[in-house]
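# Got a predicted model here, sequence first, then my questions.
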Amino acid sequence: MTRAWHLLGWVYLALAFGFILLPVGVLVLFSFQDGRLPVPPFRGPSLRWYADVLADRRLMAGLGNSLLVASVSATVALGLGFLAAVGLARHRLPGAALLRLVLIAPMTVSYLIIALGLLSLYNRAGVGLSLWTAGVGHVVINLPLCFAILYAAMGPHLRAAERAARDLGAGEAAVLWHVTAPMLAPALLAAWFLAFTFSWDEFIIAFLLTRFDVTLPVEIWSLLRSGISPRANAIGSLVFLVSVVVVMVVQLVALRRTRR
């Protein structure tokens, strides 16, 4: 009976992974389609669509814009989230519970609402739309995530180490740099990589808050407006590859820290 349940568990796991990964597998498979339509029967394999995508200046510009916005917004969100987490975890501030609620609140709000609110704010302030306005929107959605991860990682062992450093004469800046940040390194890396991934894949905010220079998801949407094409599958496969590499880097870093 136990063996049957064990086998059933493996079957369920295989079905679950198949359900999740099947669309990605189809996307990657037909990115190697030699014909003009990514539909059966499969004709290939061929790298013609990857070569076509890599030679497309607009798509490569969108790729560069996505990397720029994702890296900068993730870094800013991480810095602000780190300072907010330290302040609320180490000091008794009036209305601290309300401040934590306000910081986490954007996680419960639709990206569309956030984008429309920022768009209205920019219009009233006379700020032109650009990659930087989209980057601000990505900071808004990633700051709560970074704050939540770092705040949860600040346990009693970290407080004891910080107290010991202060007793030995270290200033507050030295404590943050030499004690708090190194001990929170896994959480900091996880928060940054997650923020980078969410910004890398985000479409709604990037679509509403950019004008001429756009990110890769917006370029993919423009490409899909002309119909289904293996080019879309190829660029989608590249985006998926970058996301997988980011997740693998996070896992490897976390595994190395655990072994140490």
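Sure, I can see it.
# Okay, buried residues for stretch 20-31 please.
For stretch 20-31, burial by neighbour count (16 or more other CB atoms under 10 Å) applies to Leu27, Val28, Leu29, Phe30, Ser31. (Each C-beta comes from the backbone N, C-alpha and C, glycine too.)
# can you redo these as JSON lines with pLDDT?
Putting those into JSON lines (pLDDT from 0 to 100) gives the following:
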{"residue": "Leu27", "pLDDT": "74"}
{"residue": "Val28", "pLDDT": "76"}
{"residue": "Leu29", "pLDDT": "76"}
{"residue": "Phe30", "pLDDT": "73"}
{"residue": "Ser31", "pLDDT": "76"}
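# Nearest to Phe207 among those?
Closest approach between those and Phe207, by CB to CB: Leu27, at 20.9 Å.
# The closest one: what's it in contact with?
Taking CB atoms under 8 Å, 6 or more residues apart in numbering, we find Leu27 in contact with Asn233, Gly236, Ser237, Phe240.
# Can you name the helix or strand that it falls in?
helix 2-30 (DSSP states H and E).
# what are the ranges of the strands in the stretch 51-200 of the chain?
Assigned strands in the stretch 51-200 of the chain: none (criterion: DSSP state E, counting those that start in this stretch).
# if we can go back for a sec, narrow the contacts of Leu27 to those that are buried.
Here, 16+ other CB under 10 Å leaves Asn233, Gly236, Ser237 buried among these.
# Which of those residues sits closest to Asn142?
Set against Asn142, the nearest of those by CB to CB is Gly236 (22.5 Å).
# which one is the closest one nearest to, not counting chain neighbours?
In space, and not counting its chain neighbours, Gly236 is closest to Leu27: 5.3 Å by CB to CB, 6 or more residues apart in numbering.
# what's the neighbour count on the closest residue to Leu54 other than its chain neighbours?
Nearest residue to Leu54 in three dimensions, chain neighbours excluded: Met60, at 7.0 Å (CB to CB, 6+ apart). Counted with other CB atoms under 10 Å, residues neighbouring Met60 total 14.
# got any ranges where the chain has weak pLDDT?
For the chain, the stretches with pLDDT under 70 are 1, 35-44, 226-229, 254, 257-260.
# just the helices in it please.
Using DSSP state H, the helices of the chain run over 2-30, 48-54, 57-90, 96-104, 111-125, 131-153, 156-167, 172-175, 181-183, 185-201, 204-208, 216-224, 230-259.
# picking up where we left off before, could you provide the contacts of Leu27 in TSV, with additional columns for distance to Asp201?
Putting these into TSV (distance: CB to CB, whole Å) gives the following:
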residue	distance to Asp201
Asn233	16
Gly236	11
Ser237	14
Phe240	10
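# Can you tell me which of those is nearest Ser120?
Nearest to Ser120 among the contacts of Leu27 is Gly236, at 31.7 Å by CB to CB.
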